[in-house]
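In: sequence first, predicted model second:
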Amino acid sequence: MINTVIDSEHTELQDVCLDPFLDLENEIDKLRCSKNAVILAHYYQSPEIQDLADFVGDSLDLSKKAAETNADMIAFCGVRFMGECAKILNPRKTVVIPDKEAGCSLEDSCPPEEFAAFRSKYPEHTVVTYINCSAEVKAQSDIIVTSSNAASIINRLPKDEKILFAPDHHLGAYITKKTGRDMVLWPGTCIVHEQFNERELVKLIVRHPSAKIAAHPECPEAILKHADHIGSTRSILEYVTSYDAHTFIIATEQHIIHQMNKLAPHKTIIPAPGADGTCDCANCPYMAKNSIEKLYLAMANEVPRIEIPEDIRTRALKPLQRMLDLSPNAASQNRNAA
């Protein structure tokens, strides 16, 4: 597997050198202006990162913003594959991420070499790949999808077209059920959504009988069958803020609750529990690697920086662009609205 992150230990500014009294938000604003930078943040980022970002959204929203931006630098606050997507779409722009170790369990579950071997067993299948994968796996794909658009895109494919779906098995199973398509599934899962526990969720429902349950389709079927709404992070956010109910139980990474509290402060939002009855499992350890300090250093030093070999980038661009072409318009939140 190729390394797409360029880093250097010999940078002008390092974390240990930061003045503890430095106004980081002000310094980041200065860099935003001087480097013509845009800051993109996923809903799973910490509240302080979400609040200083130019755009906050889900994977589809942010991919679209990355494709549309006129900025010279993209500071992507999410995980590595998101930064790779921005670079695939913008080869001449500088793309930095706060922490080079901010990976993804779904990406890790689908090594490019093993995926190539698996794919070779199904030469007649169209390879539909969830965006949570490496640039190398995207380069082996026919079309990329997100949880926002997977079902609609698959429904647009001919009914007799054979499909191989990777890497999220639970999302694939949900799409199979929703579309009626019989797909070959790669056996990957998300470590966050995999940990939600049905027994503990039922206990929570008993304590809050009027609560509506919203779940991400990366969750196992045992969780999804209790949900009143299943959708992407943006879809869940829209459901919570618009539906006429007071209490919601949320089965996805809990930092999206920050946006819910901002947009619907009068509502009660409860994170879904793990096996121990707490919501600790709803924190993505990879997303948590990013911080406002690391964001400042990444923008100042221009590392960690995403670089992708051109042959892989051009092959990965085709399925990613196909996704964007087939996706309905969806605006992410801008900084003033968020």
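Out: Nice, thanks for sending it over. Residues are numbered from 1 along each chain as shown.
In: kindly state the beta-bridge partners for L40.
Out: Going by DSSP bridges, L40 is paired in beta bridges with F55, F76.
In: average pLDDT for stretch 63-81?
Out: The pLDDT scores in stretch 63-81 average 95.
In: how far off centre is that stretch?
Out: In terms of Cα atoms, centre = their mean, to the nearest Å, the centre of stretch 63-81 is found 12 Å from the chain centre.
In: please apply the same query to stretch 139-155.
Out: 14 Å.
In: pull it out as PDB, backbone CA atoms only.
Out: The C-alpha coordinates for stretch 139-155 follow below in PDB (Å, rounded to 0.1, in the frame of the first residue of the first chain):
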ATOM      1  CA  ALA A 139      -8.400   3.400  -8.500                       C
ATOM      2  CA  GLN A 140      -9.700  -0.200  -8.800                       C
ATOM      3  CA  SER A 141     -13.400   0.900  -8.700                       C
ATOM      4  CA  ASP A 142     -16.000   1.700 -11.300                       C
ATOM      5  CA  ILE A 143     -17.900   4.100  -9.200                       C
ATOM      6  CA  ILE A 144     -17.600   5.600  -5.700                       C
ATOM      7  CA  VAL A 145     -20.600   6.200  -3.500                       C
ATOM      8  CA  THR A 146     -21.300   7.700   0.000                       C
ATOM      9  CA  SER A 147     -24.100   6.800   2.400                       C
ATOM     10  CA  SER A 148     -26.000   9.800   1.100                       C
ATOM     11  CA  ASN A 149     -26.200   8.600  -2.500                       C
ATOM     12  CA  ALA A 150     -25.400   4.900  -2.600                       C
ATOM     13  CA  ALA A 151     -29.000   3.600  -3.000                       C
ATOM     14  CA  SER A 152     -29.900   6.200  -5.600                       C
ATOM     15  CA  ILE A 153     -26.800   5.600  -7.700                       C
ATOM     16  CA  ILE A 154     -27.200   1.800  -7.500                       C
ATOM     17  CA  ASN A 155     -30.900   2.200  -8.500                       C
END
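In: check which residues of that stretch are buried.
Out: Under the neighbour-count criterion of 16 or more other Cβ atoms under 10 Å, stretch 139-155 has 139-151, 153-154 buried. Where C-beta positions appear, they are placed from N, C-alpha and C, glycine not excepted.
In: between all of those residues, which two are at the greatest distance?
Out: Distance extremes for these: the farthest pair is A139 and A151 at 24.1 Å, using Cβ to Cβ.
In: and the buried residues of stretch 139-155, which of them are in helices?
Out: With DSSP state H as the criterion, helices contain 150-151, 153-154 from among the buried residues of stretch 139-155.
In: Throw these into JSON lines and include pLDDT and distance to A300, thanks.
Out: Output for those, formatted as JSON lines (pLDDT from 0 to 100; distance: Cβ to Cβ, whole Å):
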{"residue": "A150", "pLDDT": "96", "distance to A300": "37"}
{"residue": "A151", "pLDDT": "96", "distance to A300": "42"}
{"residue": "I153", "pLDDT": "96", "distance to A300": "39"}
{"residue": "I154", "pLDDT": "96", "distance to A300": "43"}
